[in-house]
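S.K.: Prediction below, plus the sequence it came from.
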Amino acid sequence: MIIETKFDVGDKVYILNKTFKYDKTTCTVCSGNKTIETTNGLTLECPECHGNGYKQISKPIYAAWNEQAIIKHLTYQTWGYNNNQVQYDIDITDLIKYEHELFKTKQEAQLECDKFNKEQVTC
């Protein structure tokens, strides 16, 4: 079996870095009041925001790492029928990355980050 990989051990690559931006929005169920009233007049903690009055929304932000990483070793995984992937162990903080997270140049990595950031939908 011949396994073709995008990169090899010793290759220098740029990686995608994913961080999160957190925003607070007023709870739409209790309108920020932290409680709701039931039809029989009971006041309860808002089940949506758990009495905070807001919801915290996280949004991934992608950026290319400034420094190059070096691939230390790779692992080929396969499971089921036609399901496989290559994991790359890189030298920066012993991270494991996948092919879609690695690029030959910083410019390629940043273009992919810009694409991800543009397509973002707040979750």
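M.R.: Received the coordinates, thanks.
S.K.: show me where pLDDT drops low in this structure?
M.R.: Of all residues in the chain, those with pLDDT under 70 make up the ranges 121-123.
S.K.: what about the helices in it?
M.R.: Along the chain, counting by DSSP state H, helices occupy 106-119.
S.K.: Do a quick rundown of the strands in it.
M.R.: Along the chain, the segments classed as strands by DSSP state E run 12-26, 35-37, 43-45, 54-64, 69-79, 83-90, 96-98, 102-103.
S.K.: Single out the most deeply packed of those strands.
M.R.: Among these, strand 102-103 has the highest mean neighbour count (mean count of other CB atoms under 10 Å), at a mean of 22. Where C-beta positions appear, they are placed from N, C-alpha and C, glycine not excepted.
S.K.: Contacts for it next, please.
M.R.: Strand 102-103 has contacts (CB atoms under 8 Å, 6 or more residues apart in numbering) with 6-7, 13-16, 64, 71, 88, 109, 112.
S.K.: Out of these, which is nearest to Ser58?
M.R.: Checking the contacts of strand 102-103 against Ser58 by CB to CB gives Leu16 as the nearest, at 17.2 Å.
S.K.: Could you work out the most separated pair of the contacts of strand 102-103?
M.R.: Of all pairs drawn from the contacts of strand 102-103, the widest gap by CB to CB lies between Ile71 and Glu112 and measures 17.8 Å.
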